[in-house]
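# Have a look at this prediction, sequence included:
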Amino acid sequence: MSARLVIMGPQGSGKGTQALRLAERFGVPTISTGDIFRANIKGSTALGLLAQSYTAKGDLVPDSVTNDMVKDRLAQPDAAGGFILDGYPRNAAQVTALDAILADLDTRLDAVAELVADRDELLARLARRAEIEGREDDTELAIARRLDIYDEQTAPLTSAYDARGLLVRVDGTGDIDEVTARLVAALDPVVR
Ligand code: ADP
């Protein structure tokens, strides 16, 4: 089986957790742009230093940087049999870039899963996460900025994917296992 998936959802929707579970289920790697940036920031690489000036404020890292990074990652051998993209694409330009990257690799997406949850639930989960993980960008200001960017730039992408017949919308509320079960039920029929 191969699965080429994008998982989308606002901050706090549980997308990172679910991405890992789907990766295990479908036997493919998770590619999280946020995780790659955080690893580079931790390792003080040139990419990390550049990314940090954006991530700390909740702003997007410039597309030119992010698109090249994803292009390199998707070309790695472990992604040849599929992948779960988490946190990418996040704006219209990244959708176009991803189309080109996948066309170059002679492949395409099987589905785009969107996790849906209302803003009150998201804010409650993010407040808990801020206490537990202490992420630099989980301040009230940076969270608000990321949710605004999600609403303005990322949420509209789901209509574009819906128009292509790729979108699967899943209720992200309830416990983690329940959400995984919903995702698997929705995605099983569409992965090749
Ligand atoms: P969250 O979903 O909580 O915002 P992520 O781990 O997905 O967390 O992203 C953390 C930060 O990394 C973002 O706020 C942004 O600065 C940067 N980032 C992640 N993915 C992208 C992307 N596709 N394009 C630009 N910047 C990104």
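Looks like it came in fine.
# how about the residues of this structure near the ligand?
Residues of the chain found near the ligand (C-beta under 6 Å from any ligand atom) are 11, 33-34, 37, 54-55, 58-61, 66, 87-88, 90, 94, 137, 146. Bear in mind the C-beta positions are built from the backbone N, C-alpha and C, glycine included.
# which helices and strands sit right next to the one helix or strand R4 maps to?
Per DSSP states H and E, R4 falls inside strand 3-8. Applying 3 or more C-beta pairs under 8 Å, 6 or more residues apart in numbering; DSSP states H and E, one finds that strand 3-8 contacts helix 15-26, strand 82-86, strand 111-116, helix 157-163.
# again, 6 Å this time
Secondary-structure packing of strand 3-8 (3 or more C-beta pairs under 6 Å, 6 or more residues apart in numbering; DSSP states H and E): helix 15-26, strand 82-86, strand 111-116.
# Check the average confidence over that strand, would you?
Per-residue pLDDT over strand 3-8 has a mean of 97.
# so how far is that strand off the chain centroid?
Distance, stretch centre to chain centre, for strand 3-8: 8 Å (C-alpha atoms, centre = their mean, to the nearest Å).
# ok, residues contacting it?
Strand 3-8 has contacts (C-beta atoms under 6 Å, 6 or more residues apart in numbering) with 15, 19, 26, 28, 82, 84-86, 109-114, 191.
# neighbouring contacts of the helix or strand bottoming out on mean pLDDT in the chain?
Across the helices and strands of the chain, the lowest-confidence element by mean pLDDT, DSSP states H and E is helix 119-133, at a mean of 90. Around helix 119-133, the neighbours that count as contacts under C-beta under 6 Å, 6+ apart are P10, G12, D138, I143, T173.
# Chain neighbours aside, what residue packs nearest to the residue in the chain that the ligand sits nearest to?
Minimum separation of the chain from the ligand (C-beta to the nearest ligand atom) falls at G34, amounting to 1.7 Å. Among residues not flanking G34 along the chain, G87 sits closest, at 4.7 Å (C-beta to C-beta, 6 or more residues apart in numbering).
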